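> A structural model of the following input is requested.
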Amino acid sequence: MRYTFLMTSNVQNIAGIEPAIPGRWSADVESRLTEGEHVQAWLEIDLDNRLKFSNGLVLVTNRRLLAQAAGETNWQEWPLRGGLTLNHHDHAGVGALELIDEKGQLATWRYTLAKNLAALRVISEFDLNRDSVVSGQPVQRATDDCCPKCKAPLPPGEDECPICNREATVAPSTWTLFRLWRFARPYRWQLLTGFLLTLASTAAQLVPPYLTMPLMDNVLIPFQNGKPINWPLVSMYLGGLFGAALLAWGLGWIRTYILSLVSERMGRDLRTTTYEHLMGLSLEYFGGKRTGDLMARIGNETDRINIFLSLDLLNFATDVLMITMTAVILFSINPWLALVTLLPLPIIGWLIHFVREKLRTGFEKIDRVWAEVTNVLADTIPGIRVVKAFAQEKREADRFRAANEHNLQMNDKLNKTWSVFTPTVTLLTEVGLLVVWVFGIWQISKGNSSVGVLTAFLAYIGRFYTRLDSMSRIVSATQRAASSTKRIFDILDHVSSVPEPTNPVHLSKVTGQLELKKASFRYGTRSVTRDVDLVIQPGEMIGLVGHSGSGKSTLVNLICRFYDVSEGQVLIDGVDVRSVPVAEFRQHIGLVLQEPFLFFGTIADNIAYGKPNATRQEIIAAARAAHAHEFILRLPHGYDSLVGERGQGLSGGERQRISIARALLIDPRILILDEATSAVDTETEKEIQKALDNLVKGRTTIAIAHRLSTLRKADRLVVMDRGKIVEIGNHDQLMAVEGHYYKLYQAQARNVDTEPMLPRTTSQPKTHAE
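Numbers count the residues shown, from 1 in each chain. Alright, predicted model coming up:
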């Protein structure tokens with residue numbers, strides 16, 4: 001019997017031209033399918049639970065989830081039902097699918113991120129078919145309604161992929177704007193003054209229409225009936241009109257100036273607070289964010305909020321006051337005409353509510369799509385050398401064009417709604433004005449009103465409907481500002497996983513002793529380091545060695561408190577590092593990375609980054625100790641020479657020596673060297689090694705090195721494997737026991753012996769030791 005294999009948008013079978021599943025799985029899968037059962041999506045996993053390369057398969061049918069774990073022969077199955085959830089996450093290039101029910105985790109499958117697209121399709125199909133089984137309704141999808149990124153089908157009525165945008169969960173509410181009060185509170189008196197000025201200027205604007213009534217009834221109409229014009233009375237009315245206009249202008253100018261100053265200061269405070277909070281978050285937060293997205297939030301979103309506060313909110317307040325005061329005046333003049341005037345209000349109110357719901361989610365989607373555009377820029381501009389080196393300019397241009405096109409499509413969809421709404425409100429106000437004309441003329445014909453009253457009414461109605469139309473347009477700005485506010489508070493509400501201590505302990509003098517007690521770290525559900533016990537004495541140099549992924553860098557991150565341990569403790573001079581204020585603790589740590597990061601600025605500024613108040617003599621002394629003084633003097637402006645972004649214009653060795661000088665200047669008690677010489681040639685390595693010899697003197701040093709020969713001067717070598725310490729000792733001791741270190745050293749020695757005798761310009765590949 002032959003069974004059909006359905007993918008996201010077409011029907012394929014095993015014997016077809018494009019088989020849905022690789023041939024090695026086809027027969028086995030076909031034999032397991034029941035009558036009427038179809039494969040919807042599949043994922044060929046390539047990692048086992050130990051993260052070793054091995055093959056397995058996860059597939060979704062219209063009835064079940066089937067899986068053969070990597071490296072195993074047995075199949076597992078789970079019928080689709082309510083309460084069954086398939087989750088997805090990734091870390092460090094490894095993705096994971098987790099099957100969960102009400103009782104907990106049922107299964108986990110891991111894969112390299114090259115398989116991520118197939119994993120997203122599996123999740124999408126799992127959700128669609130599970131919901132279909134629960135509801136009893138067939139799966140419905142349009143073949144052309146697919147996500148432009150992962151090609152997974154979109155839910156009915158949605159224009160965003162629920163897989164690609166799992167962060168985008170809750171639509172922004174207008175109430176979110178009230179959270180801005182924390183930034184408005186310091187300026188509450190200025191805001192109160194602005195409100196009172198708005199009230200006064202609005203009242204002044206309502207005086208001229210009121211004066212048209214006596215001007216018509218007491219001057220113009222009697223003149224048409226043969227009475228002479230009373231010029232003193234005319235002068236009084238005209239003076240009142242001019243005085244009201246002048247007063248409204250003056251009050252409006254002062255109000256606008258005061259509220260603009262307040263909004264600019266609120267925008268400044270919002271940007272500063274958001275950035276300061278961002279700087280206080282741990283590396284874990286930044287690991288899951290795109291640079292372009294964060295830049296867009298602090299830049300574009302705060303600007304949008306600023307415009308809303310300075311212009312749109314001011315206009316909204318004026319509109320509300322104008323409409324309210326106008327309605328009161330209209331009812332005081334003629335209640336029946338006033339009721340006729342308000343007839344379009346319920347329809348306009350319903351339209352505003354309808355459109356607001358559309359705009360509420362639309363603007364947040366646009367913000368996220370715009371972040372995609374900025375993400376492309378943030379990726380390609382800093383990496384322009386790589387782009388050009390691999391001749392990928394067209395590819396990156398296509399990627400930008402696709403993101404820009406997606407942005408255009410989202411804006412077009414929102415503009416369809418907005419383009420209908422605005423003219424509809426204008427039409428309703430025009431119809432309302434026509435109805436007032438008809439009813440007013442009828443009342444005058446019956447002797448129940450006068451021409452002056454109708455003229456005043458028409459003048460007030462012009463203001464009333466104009467403000468009503470303006471207030472309806474504010475819906476767009478309000479929802480856009482609410483979306484921006486939500487994205488800003490997404491940052492502000494995030495609590496750092498490396499919190500400041502509630503009862504801080506201040507270290508008077510740090511000797512540099514470090515101790516790890518049963519230190520374990522877990523990233524999500526994956527254990528990275530386990531039960532690490534290590535004591536490092538003051539002034540001791542420790543070398544960390546092990547295969548790539550063995551946990552060396554994680555251990556360093558825990559010591560620097562970039563992350564906090566999941567279990568156990570990290571102690572400095574006997575004090576838990578979580579009890580010491582973060583900034584105070586890190587002042588005692590110097591860090592030299594494999595790829596040193598230099599900021600745009602002068603050489604002197606980069607060296608003094610950790611100690612901004614350093615004197616020029618201290619900067620030069622640090623540069624001399626780092627063997628950087630000579631090449632700095634050869635630069636056009638010496639220490640005042642500008643360094644390009646990320647150190648452009650300097651060689652790798654020069655950047656590294658400036659990084660060492662930066663670490664020397666703060667005189668740390670603890671020094672971390674993370675493969676500080678791995679990315680330079682042999683001659684440069686010698687220069688850097690001389691600088692490092694000066695740097696490590698008298699300091700507790702933890703060094704990670706690719707070339708094991710560079711750790712011969714270490715007092716002890718700590719060998720790590722799979723997140724645990726497996727050996728500790730000096731070079732001779734570890735070679736004698738012929739364990740993990742011996743195998744690493746021998747493998748690297750064989751690799752060096754078989755290399756061609758060419759000048760080495762780059763480090764060895766990270767296949768033996770990190």
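
> Run a quick neighbour tally on the spatially closest residue to Ala703 that is not a sequence neighbour.
Excluding its sequence neighbours, the residue lying closest to Ala703 (Cβ to Cβ, 6 or more residues apart in numbering) is Leu673, at 4.1 Å. Yep, even glycine has a C-beta here, placed from its N, CA and C like the rest. Leu673 has 27 neighbours, counted by other Cβ atoms under 10 Å.

> Does Leu673 have any beta-bridge partners, and if so which?
Counting by DSSP bridges, Leu673 is bridged to Val592, Ala703.

> OK, contacts around Glu264?
306, 310 (Cβ atoms under 8 Å, 6 or more residues apart in numbering).

> On the three-state scheme, it is what?
Going by DSSP: H, G, I helix; E, B strand; the rest coil, the secondary structure assigned to Glu264 is helix.

> What's the separation between it and Ala703?
Separation of Glu264 from Ala703 (Cβ to Cβ, to the nearest Å) stands at 50 Å.

> and what of Val696?
Distance from Val696 to Ala703, by Cβ to Cβ: 8 Å.

> what residue ranges in the stretch 101-250 of the chain are flagged as low confidence?
Applying pLDDT under 70 to the stretch 101-250 of the chain flags residues 140-173.

> Mind checking which of Val696 and Ala703 has more residues around it?
Taking neighbours as other Cβ under 10 Å, Val696 and Ala703 compare with Ala703 leading, 25 against 18.

> Surely that one touches Ile536?
No. With contacts counted by Cβ atoms under 8 Å, Ala703 stays clear of Ile536, the gap being 11.6 Å.

> Residues that sit against both of the two, list them.
Ile542.

> Could you pull out the helices in the stretch 301-450 of the chain for me?
Taking DSSP state H, counting those that start in this stretch as the criterion, the stretch 301-450 of the chain contains helices spanning 302-307, 313-333, 335-341, 345-380, 384-389, 393-445.

> which of those sits most buried?
helix 302-307 (a mean of 21; mean count of other Cβ atoms under 10 Å).

> Tell me which residues are up against that helix.
180, 263-264, 266-267, 270-271, 274, 477, 480-481, 484-485, 488.

> In PyMOL, how would I select the buried members of the residues you listed?
The buried residues among the contacts of helix 302-307 can be selected in PyMOL (16 or more other Cβ atoms under 10 Å) with this line:
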select buried, resi 180+263+266+267+270+271+274+477+480+481+484+485+488
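
> Restricted to helices, list the contacts of helix 302-307.
Here DSSP state H is the test, and the contacts of helix 302-307 give 263-264, 266-267, 270-271, 274, 477, 480-481, 484-485, 488 as lying in helices.

> Looking at the helices of the stretch 301-450 of the chain, which is nearest to Arg130?
helix 345-380 (24.4 Å; Cβ to Cβ).

> Which helix or strand in this protein has the lowest average pLDDT?
The helix or strand with the lowest mean pLDDT-type score in the chain, counting by mean pLDDT, DSSP states H and E, is strand 11-13 (a mean of 34).

> where do the strands sit along the stretch 1-150 of the chain?
4-6, 11-13, 39-47, 53-61, 64-68, 76-79, 85-91, 94-101, 104-112 (DSSP state E, counting those that start in this stretch).

> In a markdown table: those strands, plus distance to Arg130 and mean neighbour count.
Shown next, in a markdown table, are those (distance: least, Cβ to Cβ, whole Å; neighbours: other Cβ atoms under 10 Å):
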| stretch | distance to Arg130 | mean neighbour count |
| --- | --- | --- |
| strand 4-6 | 15 | 19 |
| strand 11-13 | 21 | 15 |
| strand 39-47 | 11 | 22 |
| strand 53-61 | 9 | 21 |
| strand 64-68 | 9 | 21 |
| strand 76-79 | 10 | 13 |
| strand 85-91 | 8 | 16 |
| strand 94-101 | 11 | 18 |
| strand 104-112 | 14 | 16 |
